[in-house]
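Peer 1: no letters, just coordinates:
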């Protein structure tokens, strides 16, 4: 008998004996056998892949199984008798892993190639497995790409590379294979994530701005954990248990070597942690582990609205839904069922208490929904700007004023919310900016932004949309947009341009003199005196938001805490003047809004 045959018989005898052991002991035995396989298999041993499992044999799929942690997991699963589907991109390395498993027994293996940078290949991969297998007991989503090199790549599908390879392809594959998992209960899904987790910016999921490889990697890994929580909720009571984990820190893998990091743990440690999630019945579905220990992941993983946004985006990008439902080719019945589920979600009660805010971007979608349902059908679109305002005032002066003013106006008016302040407005020719820090858009761009935001609000159920602007260059665009919207809406909703906010007692010149006894020099009504595009009106209101925006501390230290001949100090006095001005201008604006609504 040759050495290969002796080795194979020895491995098979040792492996079969593990079946009688408890899970923890079985994992330890499988680890030892796997190490023996890796070190003892004769070079060049040829063993045919077993394409299908034997009757009753457990089936496990390990993605990214041709090296590192994935290879170790595949060999351990084979060593305990499972039929292992070895996934990877490198056919030569895949064949080596399959040969190792098949040579040792009692398990069996086959290799299946798919590049996760191609959703088409992932679909073909899943369709092949669905055709070839009637069961899937274990799915270990291990395939991934690390943080290095620090370059932004885009897949053939147009998505940021790590987001697709590490998360989106896993999402697609898991949902396509769900029918086999559900047919094999009790079944297990394990998402191999990482301790590196960064919240997803849903305004820039593909990280087109401020890219870094670490951020892209950490965002994709958090997405895996969020996906785990979603699956746990969707699969509750089905017999399919889901878990995620950070297996170990800096194992000696290709990913770690590419990042230039020094290994701090072994692949065996990572495999021990992963196999615990595969086998243990001592954790609640959805749990995240760090190594062998249950841990709390990044807070965004527990935010149901963030998870809903990620789920909806993922379904849109992959065309797949829960249970392998291909949303590109829905039947009428499936479409009706999907619409019913979406309608149910839109009317679901809030799971937690809301916050006291009038800012739409600070509220959850459920909180906005409930505000509208409760009669809050007025929304304010406030336009500010970013421009030069002299040596002491921050460029976002108008935006800070509106931060204070819109809040006060909405609360006084009642049943009103504020859209985020529109910060980009016409400030002159964008291609010929005189002062650094000024940001400008064209008038047509500005009007289109106003129209789009207003239409967005109307479509949600807001019936009155109010335009106020804190800068002179914004006024005509808002007035013309309101007229155009009213004609287009035909009475279904109304747009109100409230010029009084800006023009009535402009810059509060009369109020400052008559009510507060403040006289600026020269004694003219202007927002620009000498070289300063600043005055008491603006400085005081901005100070209520943050005195740092008017450089109060620095000016006091330099003996320059004055404007237009008026001493502003102490800071408390500046803020007091600002609050009086906010109250005054709120009265003007609320009166004008109510008059417009009554017409």
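Peer 2: Yep, it's here. What you see is a predicted model, and the numbers here were worked out from it, not measured in a lab.

Peer 1: mind listing the helices for the stretch 401-550 of the chain?
Peer 2: Using DSSP state H, counting those that start in this stretch, the helices of the stretch 401-550 of the chain run over 443-460, 475-489, 500-503, 509-514, 536-545.

Peer 1: closest one to residue 121 among those helices?
Peer 2: Among those, helix 443-460 comes nearest to residue 121, with 37.1 Å by CB to CB. For glycine as for every other residue, the C-beta is placed from the backbone atoms N, C-alpha and C.

Peer 1: the lengthiest helix in the chain to helix 536-545, inter-axis angle?
Peer 2: Longest helix of the chain, by residue count under DSSP state H: helix 571-598. Here helix 571-598 points in a direction 100 degrees away from that of helix 536-545 (axes from the mean of the first three to the mean of the last three CA atoms, to 10 degrees).

Peer 1: ok, and the closest non-adjacent residue to the residue nearest the centre of the chain?
Peer 2: The residue lying closest to the centre of the chain (CA atoms, centre = their mean) is residue 200, at 2.7 Å. Of all residues not flanking residue 200 in the chain, residue 219 sits nearest, at 5.4 Å (CB to CB, 6 or more residues apart in numbering).

Peer 1: what is the burial count for that neighbour?
Peer 2: 24 (other CB atoms under 10 Å).

Peer 1: look up how far residue 166 lies from it.
Peer 2: 9 Å (CB to CB, to the nearest Å).

Peer 1: just list the residues touching residue 537, thanks.
Peer 2: Residue 537 sits next to 507-509, 512, 527, 581 when contact means CB atoms under 8 Å, 6 or more residues apart in numbering.

Peer 1: let's see 6 Å
Peer 2: 507-508 (CB atoms under 6 Å, 6 or more residues apart in numbering).

Peer 1: can you pull out the low-pLDDT segments for the stretch 451-599 of the chain?
Peer 2: Low-confidence segments of the stretch 451-599 of the chain (pLDDT under 70): 530-531.

Peer 1: ignore the last one, the chain
Peer 2: For the chain, applying pLDDT under 70 flags the ranges 1-51, 259, 322-330, 334-335, 338-339, 341-342, 345, 530-531.

Peer 1: name the nearest residue to residue 156, sequence neighbours excluded.
Peer 2: Using CB to CB, 6+ apart, the closest residue to residue 156 is residue 118 (5.6 Å).

Peer 1: quick one on the thing from earlier: any idea how far the residue nearest to residue 200 is from residue 306?
Peer 2: From residue 219 to residue 306 the distance is 12 Å (CB to CB).

Peer 1: just residue 110 next, same as before
Peer 2: Counting by CB to CB - residue 110 and residue 306 are separated by 38 Å.

Peer 1: check residue 234 too.
Peer 2: Residue 234 sits 16 Å away from residue 306, taking CB to CB as the criterion.

Peer 1: next: residue 88.
Peer 2: Relative to residue 306, and taking CB to CB, residue 88 is found at 32 Å.

Peer 1: likewise residue 185?
Peer 2: In terms of CB to CB, residue 185 sits 29 Å off from residue 306.

Peer 1: who's more crowded, those two?
Peer 2: residue 306 (18 against 14).

Peer 1: surely the more buried one and residue 299 touch.
Peer 2: No: between residue 306 and residue 299 there is no contact under CB atoms under 6 Å: 9.1 Å.

Peer 1: after the strand or helix carrying residue 255, which helix or strand is next? Please name it.
Peer 2: Per DSSP states H and E: residue 255 is located in helix 254-258. Using DSSP H and E, the helix or strand that follows helix 254-258 towards the C-terminus is helix 267-279.

Peer 1: now the residue nearest to the centre of the chain. Its backbone dihedrals?
Peer 2: Main-chain torsions, residue 200, degrees, to the nearest 10: phi -80, psi 130.

Peer 1: can you verify my assumption that it contacts residue 221?
Peer 2: No: contact status for residue 200 versus residue 221: not in contact, 10.7 Å apart, counting by CB under 6 Å.

Peer 1: first to last residue in stretch 294-306, what's the distance?
Peer 2: End-to-end distance for stretch 294-306, by CA to CA, to the nearest Å: 22 Å.

Peer 1: so what's the gap between that stretch and the chain middle?
Peer 2: How far stretch 294-306 lies from its chain's middle: 12 Å, per CA atoms, centre = their mean, to the nearest Å.

Peer 1: name the helices or strands packed onto the host helix or strand of residue 93?
Peer 2: In this structure, residue 93 is located in helix 91-104 according to DSSP H and E. Counting contacts by 3 or more CB pairs under 6 Å, 6 or more residues apart in numbering; DSSP states H and E, helix 91-104 packs against helix 68-79, strand 83-88, strand 108-113.

Peer 1: measure the closest residue to residue 551 other than its chain neighbours to residue 437 for me?
Peer 2: The shortest distance from residue 551 to any non-neighbouring residue, by CB to CB, 6+ apart, is to residue 392 (4.9 Å). Distance from residue 392 to residue 437, counting by CB to CB: 13 Å.

Peer 1: and if you look at residue 463?
Peer 2: Using CB to CB, residue 463 is found at 38 Å from residue 437.

Peer 1: ok, the two, which is more surrounded?
Peer 2: Neighbours per residue (other CB under 10 Å) separate residue 463 from residue 437, with residue 463 holding more: 15 against 12.

Peer 1: excluding its backbone neighbours, what's nearest the more buried one?
Peer 2: Closest residue to residue 463 apart from its sequence neighbours, by CB to CB, 6+ apart: residue 377 at 4.4 Å.
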